[in-house]
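Enquirer: Take a look and give me a structure for this.
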Amino acid sequence: MTSTSSRFRMQFALGALACIGLMAYALYAQYHLGLDPCPLCIFQRIAMIALGVVFVIGALHAPNSTGARRTYAVLALLAAIAGIVVAGRHVWLQSLPADQVPACGPGLSYMLDSMPNKFEVLKKVLAGSGECAEVHWRFLGLAMPAWTLIWFVGLGAWTVFAGFRKR
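Expert: A predicted model of the protein is given here:
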């Protein structure tokens with residue numbers, strides 16, 4: 001293994017560890033702090049898991065070719081961008097004045113069971129609901145979706161650094 005592939009492996013392994021740590025905290029917050037995730041939170045988790053999976057596969061593969069490293073970086077960046085979009089929408093919903101917050105809708109599991117068109121479910125979830133606008137947790141003045149957004153931006157930049165920097 002060349003030093004280039006071992007650096008890539010280390011950088012992607014660190015990204016995977018970050019994703020694992022963030023998901024571990026999300027599960028801790030859900031099961032020990034009693035913070036049930038709203039539909040937008042669940043979609044953010046899906047994006048984080050996808051990002052973590054790409055990081056793990058890229059770290060295990062540790063490709064020698066520039067093209068393969070860039071392919072992993074683009075896949076990871078796409079997952080990070082999906083997370084940025086969902087987390088950004090969530091932050092926006094939480095910043096709305098109370099009179100502009102959308103009404104609470106049905107839960108995600110109900111929508112998946114009752115709506116045959118999954119794209120319609122996605123559209124409804126991204127529209128947000130009143131439960132997505134509630135803030136139950138803060139750290140340093142920021143709600144969890146804001147921290148998730150920061151992490152997605154940082155991890156997206158990390159993938160660009162790992163996959164596209166000159167070796």
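Enquirer: Residues contacting stretch 59-71, please?
Expert: 1-2, 4-6, 8-10, 12-13, 15-16, 58, 72, 162-164, 167 (Cβ atoms under 8 Å, 6 or more residues apart in numbering). No exception for glycine: its C-beta is placed from N, CA and C like everyone else's.
Enquirer: List only buried entries from these.
Expert: Neighbour-count burial (16 or more other Cβ atoms under 10 Å) applied to those gives Ser5, Phe8, Arg9, Phe12, Ala13, Gly15, Ala16, Gly58, Tyr72, Ala162, Gly163.
Enquirer: quick check, distance from the helix or strand where the second one lies to the centre of its chain.
Expert: Taking DSSP states H and E as the definition, Phe8 sits inside helix 3-31. Mean-position distance between helix 3-31 and its chain equals 12 Å (Cα atoms, centre = their mean, to the nearest Å).
Enquirer: which helices and strands sit right next to that helix?
Expert: helix 39-61, helix 66-95, helix 144-164 (3 or more Cβ pairs under 8 Å, 6 or more residues apart in numbering; DSSP states H and E).
Enquirer: Pull out the buried positions in the shortest one.
Expert: Neighbour-count burial for helix 144-164, with 16+ other Cβ under 10 Å as criterion, is recorded at 144-149, 151-153, 155-156, 158-159, 162-163.
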